[in-house]
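Q: starting from these lines, generate the structure:
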Amino acid sequence: MASLAEYERELIRERTKAGLQSARARGRLGGRPKGFSKEAVSKLLLMRSVYQDVKRSPEEIYTALGLTRATFYRYAKILYTHTDEEIKKMVVGK
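A: Alright, predicted model coming up:
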């Protein structure tokens, strides 16, 4: 019984590899996109100008931009480590 299960598993593995190779040959890549949408990049650039205003609290900024607190601080980290030009190049997709 175990040998039959092992044989079936090997068939599944072979078919999966063949399917992935076929998809790569057609130019398809798997996994999560490595970048941001145009909307996210525009929010990042807008956030840079608003974030430098010390009169506004982080909560005021992220609620106005429609972000969560975690996303706000993730974007803030990106703003510290990248220039506007680098951020504009992070757009992926359409």
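Q: how about the helices of the protein, start to end?
A: Counting by DSSP state H, the segments of the chain that form helices are 2-25, 38-51, 58-65, 69-81, 84-88.
Q: quick check: domain ranges of the protein?
A: Domain ranges of the chain: 1-31, 38-88, per automatic domain parsing.
Q: could those go into a markdown table alongside mean neighbour count?
A: The C-beta positions use only the backbone N, C-alpha and C, and glycine is treated the same way. A markdown table is the format used below for the domains of the chain (neighbours: other C-beta atoms under 10 Å):
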| stretch | mean neighbour count |
| --- | --- |
| domain 1-31 | 9 |
| domain 38-88 | 13 |
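Q: rebuild those domains as a markdown table, extending it with mean pLDDT.
A: Shown next, in a markdown table, are these (pLDDT from 0 to 100):
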| stretch | mean pLDDT |
| --- | --- |
| domain 1-31 | 91 |
| domain 38-88 | 89 |
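Q: surely Val50 touches Tyr62?
A: No. Judged on C-beta atoms under 8 Å, Val50 makes no contact with Tyr62 at a distance of 9.9 Å.
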